[in-house]
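Visitor: got a predicted structure plus its sequence, pasted below:
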Amino acid sequence: MTYTPPPWIALARASWTWRGAARPAFAVAPGPGQESVWDYPRPPIVVTDARRVIVRCGAAIVADSRGAMRLLETSHPPTWYLPRADVDAARIRPSSRAGSFCEWKGQASYLEVVGDDHEIAAAAWSYERPIDDAFTDLAGAVAFHATELECTVDGERVRPQPGGFYGGWITSELVGPWKGEPGSGGW
């Protein structure tokens, strides 16, 4: 079934200037083995990634996966979604924080992350029922903010996307600049 967005979502989708068709002059050109976030498309796409992803809250392993999915969207470092089966169910629980809404994926549900001796409010999220068919693979998968958690991809500790709102993970193969940095509001 093809999703037809209501006018307000169609307007939000149409408002983006950069759509991955051409890299802007201010973007860093990727070197060998690198990816430019400016080459990612808009609307975003979901790609599978077999690298090992581990998420820790203190010493506790919250998730361990080789079945991750990366959401690639122009100007953003990838957001990594892990299958719910690869997340320790005892380490996450529903958050009281109201979920945000994405014009591509729909309503997010936030999750608390529970370590051995502390918990982190709204440190993860999921789209239980994505609104667009292009994102049905993400249904129930969990994404984690790397700000207070230790998240690694094949042993490399990721850096969180700047700005606090977005959940992208920055790894050494990426070049930007990325959404969330000062002055990036119009991207």
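Guide: Okay, I see it. Numbering: from 1, shown residues only.
Visitor: quick check: longest strand in this structure by residues?
Guide: strand 119-126 (DSSP state E).
Visitor: which elements pack onto the helix or strand following that one?
Guide: Of the helices and strands lying after strand 119-126 in sequence (DSSP states H and E), the nearest is strand 142-144. Strand 142-144 is packed against strand 60-65, strand 79-82, strand 119-126, with contacts defined by 3 or more Cβ pairs under 8 Å, 6 or more residues apart in numbering; DSSP states H and E. No exception for glycine: its C-beta is placed from N, CA and C like everyone else's.
Visitor: what packs against whichever helix or strand comes after strand 142-144?
Guide: Where DSSP H and E defines the elements, the next helix or strand beyond strand 142-144 is strand 150-153. Under the contact criterion of 3+ Cβ pairs under 8 Å, 6+ apart, strand 150-153 touches strand 53-57.
Visitor: pairing partners for the strand it packs on, with directions?
Guide: strand 60-65 (antiparallel), strand 150-153 (antiparallel) (DSSP bridges).
Visitor: any idea which of the ones you listed gets closest to residue 13?
Guide: strand 150-153 (28.8 Å; Cβ to Cβ).
Visitor: send me the closest one as CSV with only the CA atoms.
Guide: Only the C-alpha atoms of strand 150-153 are listed here, as CSV (Å, rounded to 0.1, in the frame of the first residue of the first chain):
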residue,chain,number,x,y,z
GLU,A,150,28.7,3.8,24.9
CYS,A,151,27.8,2.8,21.4
THR,A,152,30.4,1.0,19.1
VAL,A,153,30.4,-0.1,15.5
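Visitor: tell me how far that strand is from the chain's mean position?
Guide: With Cα atoms, centre = their mean, to the nearest Å as the basis, strand 150-153 stands 13 Å off its chain's centre.
Visitor: going forward, count from 5.
Guide: I'll keep to 5 as the first residue from here, and by that count the last item is strand 154-157.
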